[in-house]
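Peer 1: Sequence and predicted model, in that order:
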Amino acid sequence: PSTATVIKDDLSKSTLDYEDKDITPGKTYYYWIKAWNNWGWSDFSDAASGNTGSVSDLVSAYEPFKYETGSDIDKQNGGTGFISEWALKQTNGAIAVVPEGLSYPGLPVAGGAIKFTSNIDKPSSHLVRSLKGHLGHDMSIVWVSFLIKSEKVADGHFYLSLNDKFGGCSVGKKWGNGFGLQGRSSTKLENGKTYFAVARIDCRSGNDVAYLWVNPSLEKEPLLETATDTYNKDEIGFGNTIGIGGQGYGRGVYICDEIRIGSSWDEVTK
């Protein structure tokens with residue numbers, strides 16, 4: 001600790017955690033803490049350490065769904081930050097590229113989107129794609145954003161999951177018209193409206209902590225306490241895939257567009 005640099009010296013007594021954003025990829029960092037009260041300073045704590053991972057392993061991906069109108073999404077491989085094409089694992093209807101891409105004020109969009117149309121009541125439509133980097137490094141932060149619009153809200157789930165794990169942190173619609181994290185409901189979807197979802201997942205050695213904002217202002221990164229929903233009971237695991245799934249119960253129709261994945265707010269909103 002004698003060689004350490006002070007990075008914060010005015011934390012309040014109620015502070016439970018601190019995030020150091022001034023870091024360099026590929027380095028290991030060590031942290032010590034001192035406490036202060038009316039009797040003076042404590043000794044240094046034991047060291048806490050963490051590795052930020054290599055530059056090449058930091059995830060950054062963008063899928064604008066800019067494909068030929070009417071084509072199936074299966075086998076398409078556009079966008080950036082992926083190492084595989086979309087793979088259709090199962091379908092309960094049609095998943096096709098449509099020309100009317102979704103939009104949101106201040107968000108750059110490319111045009112084009114995919115539409116999920118369910119025509120049977122039970123199985124799920126399920127797409128998977130692999131990323132160049134990995135998700136789920138302990139002590140890393142993952143951001144993901146996408147646009148969604150319902151033409152027919154139905155009972156079954158419609159979600160985007162990281163590492164293709166619905167049990168980790170999925171973002172999307174639960175039973176009925178609720179929209180939130182991991183099958184929870186924080187926002188009601190209305191037919192014909194476009195929603196912009198931004199999620200932040202703080203990956204920890206125990207359960208990850210996820211935050212969700214629905215239709216946030218893009219002027220600056222929001223405070224965690226302003227999140228529409230939070231979830232801290234599971235992990236996204238470690239892997240390099242994303243999945244989009246839609247259950248057929250109620251035969252819903254959903255449009256999904258502009259998927260962004262990164263390690264910062266700016267990467268998924270610009």
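Peer 2: Sure, I can see it.

Peer 1: Let's verify Glu225: helix, strand, or coil?
Peer 2: helix (DSSP: H, G, I helix; E, B strand; the rest coil).

Peer 1: roughly how far apart are it and Ala199?
Peer 2: Per Cβ to Cβ, to the nearest Å, Glu225 is found 16 Å from Ala199. All C-beta spots, glycine's among them, are computed from the backbone N, C-alpha and C.

Peer 1: out of these two, which sits in the busier spot?
Peer 2: Between Glu225 and Ala199, Ala199 has the larger neighbour count (other Cβ atoms under 10 Å), namely 26 against 7.

Peer 1: Give me the neighbour count for Phe104.
Peer 2: One thing to correct before we go on: residue 104 is Tyr, not Phe. Residues near Tyr104, counting by other Cβ under 10 Å: 18.

Peer 1: quick check, it in a helix?
Peer 2: No. Counting by three-state DSSP, Tyr104 is not found in a helix; it is coil.

Peer 1: Nearest residue to it in space, please, no chain neighbours.
Peer 2: Phe196 (4.3 Å; Cβ to Cβ, 6 or more residues apart in numbering).

Peer 1: so what's that neighbour up against?
Peer 2: By Cβ atoms under 8 Å, 6 or more residues apart in numbering, the contact list for Phe196 reads 104, 107, 145-147, 214-216.

Peer 1: Regarding it, what is its secondary structure?
Peer 2: Secondary structure, three-state DSSP: Phe196 is strand.

Peer 1: Distance of it relative to Gly172?
Peer 2: In terms of Cβ to Cβ, Phe196 sits 13 Å off from Gly172.

Peer 1: same check, this time on Ser60
Peer 2: 22 Å.

Peer 1: cool, Lys193 as well?
Peer 2: 15 Å.

Peer 1: More neighbours: which of these two?
Peer 2: With other Cβ under 10 Å as the criterion, Lys193 and Gly172 differ in neighbour count, and Gly172 comes out ahead with 25 against 11.
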